[in-house]
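[1] my questions concern the predicted model and sequence given below.
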Amino acid sequence: MFNQSLDSYQNENALLTGVHQGDEQAFNQIFRHFYPVLCIFANRFLLKESIAKDLAQDALIKAWERRSDFESLPKLKSFLFTCVRNACFNELEKQKVQQKYQEVLVKSGLDVELDTLEKMIQSEVVIRIFDQVDTLPEQCRKVIRMTFEEGKKPKEIAEELGISISNISSQKLRGLNLLKDKLSDQDYLCAVAIFSSALWR
């Protein structure tokens, strides 16, 4: 999955070895591959591109500092997304983002009072939502994560998973329906607010 963008290295093991040895050129390949998708991922939470870029860069710097800890590129990827996600949770606690989420909810046809919305966007709510995303059926979970975390379009997801574009839409709808059963009403509205711009495009 990495070879197309990390083309200076014959295989993932060679790239990872270079990173372990402090090869800045090797890590630059990692940076160029992951930085754009991490920015997209962070911006889904924050709706503020400049902060999203900073958090993505911070995560990559932390990965460089801990480069010897990663046994594989998938583990490195997991670290990066977890790091950015946690940073977003912390950022959400500091920011007054009610209006931004209110606009998303209005576009979704949902009427939520501002004080209720403020409670919904607390980081612990977002954590609960993603905990439940992890319990979704495999195909459904993959479609939602690839859409939301990696910013991939339906055509890209369909090609990677070997399913039709119409199936992608079905999996998105199924995921939200399952989340509705797993989450409280307020948490579900927050999930719709977070996912709406990413899932329905």
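    Yep, that arrived. Just so we're clear, the structure is a prediction, and the values are computed from it rather than from any experiment.

[2] which secondary structure element of this protein has the lowest mean pLDDT?
    Of all helical and strand segments in the chain, the minimum by mean pLDDT, DSSP states H and E falls on helix 114-120, at a mean of 49.

[3] what's downstream of that helix, the next helix or strand?
    Counting by DSSP states H and E, the element after helix 114-120 in chain order, helix or strand, is helix 123-133.

[4] please name every helix or strand in contact with the next helix or strand after that next one.
    Towards the C-terminus, the helix or strand next in line after helix 123-133, according to DSSP H and E, is helix 138-148. Helix 138-148 is packed against helix 123-133, helix 154-161, helix 165-182, helix 185-199, with contacts defined by 3 or more CB pairs under 8 Å, 6 or more residues apart in numbering; DSSP states H and E. Backbone N, C-alpha and C define where each C-beta goes, glycine included.

[5] for helix 138-148, list the C-alpha coordinates in PDB.
    The C-alpha atoms that make up helix 138-148 are tabulated as PDB, following Å, rounded to 0.1, in the frame of the first residue of the first chain:
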ATOM      1  CA  GLU A 138     -15.400  -4.900   9.300                       C
ATOM      2  CA  GLN A 139     -16.500  -3.700   5.900                       C
ATOM      3  CA  CYS A 140     -18.600  -0.900   7.400                       C
ATOM      4  CA  ARG A 141     -15.800   0.200   9.700                       C
ATOM      5  CA  LYS A 142     -13.300   0.200   6.900                       C
ATOM      6  CA  VAL A 143     -15.500   2.400   4.700                       C
ATOM      7  CA  ILE A 144     -16.100   4.900   7.400                       C
ATOM      8  CA  ARG A 145     -12.500   5.100   8.500                       C
ATOM      9  CA  MET A 146     -11.200   5.400   5.000                       C
ATOM     10  CA  THR A 147     -13.600   8.100   4.200                       C
ATOM     11  CA  PHE A 148     -13.200  10.100   7.400                       C
END
